[in-house]
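S.K.: Pasting the sequence and the predicted coordinates here, then a few questions.
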Amino acid sequence: MNIDERKQFANTTVQNLILENRGNLTISGVLDVLSFDDQIVIVETELGLLNVKGENLRINKLSIDTSEVIVEGDISSLAYSEKDYDKKSTSLFGKIFK
């Protein structure tokens, strides 16, 4: 996705990431929580996959009505995936035969 496409897409989609003291992260525009444990949370958002890394991570709130997730713990990294997200490639076979 080039810069012009991102700008066009960003104009129609609103997503907020609010990180408070590296311990409380509120994410809006969440479609699904794909994976989580105490060191990484992978969230599908309207703007792509978001990887949250840290220690002692836990999902404090997951609201389908407001499309919001709150992650608590010692957050060390937030990163969107570079690749365009394709639901077909997230299955086990999709990952193997990439």
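M.R.: The structure has been received and is ready for your questions. Residues are numbered from 1 along each chain as shown.
S.K.: how about low-confidence regions in this structure?
M.R.: 1-12, 82-98 (pLDDT under 70).
S.K.: Would you map the strands across it?
M.R.: Ranges of strands in the chain, per DSSP state E, are 17-20, 24-28, 30-36, 40-45, 48-63, 68-80.
S.K.: List the contacts of the nearest residue to Ser35 once chain neighbours are set aside.
M.R.: Closest residue to Ser35 apart from its sequence neighbours, by CB to CB, 6 or more residues apart in numbering: Ile42 at 4.4 Å. The way it works is simple: take the backbone N, C-alpha and C, and place the C-beta from them, glycine included. Residues near Ile42 by CB atoms under 8 Å, 6 or more residues apart in numbering: Val33, Leu34, Ser35, Phe36, Leu49, Leu50, Asn51, Val52.
S.K.: Quick check: Ile64 vs Asp38, distance?
M.R.: 23 Å (CB to CB, to the nearest Å).
S.K.: who has more neighbours, the two?
M.R.: Taking other CB atoms under 10 Å, Ile64 and Asp38 do not tie; Asp38 has more neighbours (12 against 9).
S.K.: Is that one in contact with Asn56, as I believe?
M.R.: Yes: taking CB atoms under 8 Å as the definition, Asp38 is a contact partner of Asn56 at 5.7 Å.
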